[in-house]
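Enquirer: Structure for this input, please:
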Amino acid sequence: MPIKYTNHYLDKLENLFAESEYILRYEKGNFKSGYCILKDTRIVIVNKYYTLEGKINTLIDILKELNLSPEHFSKKNQELILELHQTSLKI
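Expert: Numbers count the residues shown, from 1 in each chain. You can find the predicted model right below:
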């Protein structure tokens with residue numbers, strides 16, 4: 001599935017986090033990789049100064065790293081999670 005770098009697609013990814021146990025926050029910071037995952041408190045922090053493309057790529061990387069189980073999500077988010085696991089990012 002090709003990645004769409006639009007605000008609508010970013011909203012879809014943010015909705016995945018809203019439905020998960022993790023809290024997504026955009027903060028300013030000097031993150032080397034663009035994000036920070038605090039697993040004990042289940043918070044994901046993304047650099048708010050990233051471009052739209054950077055935010056989308058970062059959220060996809062995080063979602064792949066977290067290995068969220070699709071069974072705990074709504075039907076449309078289940079499909080998105082499965083698509084993300086098959087997606088490779090172009091750098």
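Enquirer: so who does the residue nearest the centre of the chain touch?
Expert: With distances taken as C-alpha atoms, centre = their mean, the residue of the chain nearest its centroid is L59 (2.5 Å). Contacts here follow C-beta atoms under 8 Å, 6 or more residues apart in numbering; on that basis L59 touches 10, 13-14, 17, 24, 46. C-betas here are computed from N, CA, C, even on glycine.
Enquirer: following the strand or helix carrying it, which helix or strand shows up next?
Expert: Per DSSP states H and E: L59 is located in helix 52-66. Sequence order places helix 75-85 as the next helix or strand after helix 52-66, per DSSP H and E.
Enquirer: For stretch 16-33, buried residues please.
Expert: 16-17, 20, 22, 24 (16 or more other C-beta atoms under 10 Å).
Enquirer: what helices or strands is the least confident helix or strand in the chain by mean pLDDT leaning on?
Expert: When the helices and strands of the chain are scored by mean pLDDT, DSSP states H and E, strand 35-38 comes last with a mean of 72. Using 3 or more C-beta pairs under 8 Å, 6 or more residues apart in numbering; DSSP states H and E, the elements in contact with strand 35-38 are strand 43-47, helix 52-66.
Enquirer: What pairs with that strand, parallel or antiparallel?
Expert: strand 43-47 (antiparallel) (DSSP bridges).
Enquirer: which residues are in contact with the strand it pairs with?
Expert: Residues outside strand 43-47 that contact it (C-beta under 8 Å, 6+ apart) are 17, 22-29, 31, 34-38, 54-55, 58-59, 62.
Enquirer: Give the helix, strand or coil label for K4.
Expert: Of the three states, K4 takes coil according to DSSP: H, G, I helix; E, B strand; the rest coil.
Enquirer: Give the phi and psi angles for it, as a check.
Expert: phi -100, psi 120 (degrees, to the nearest 10).
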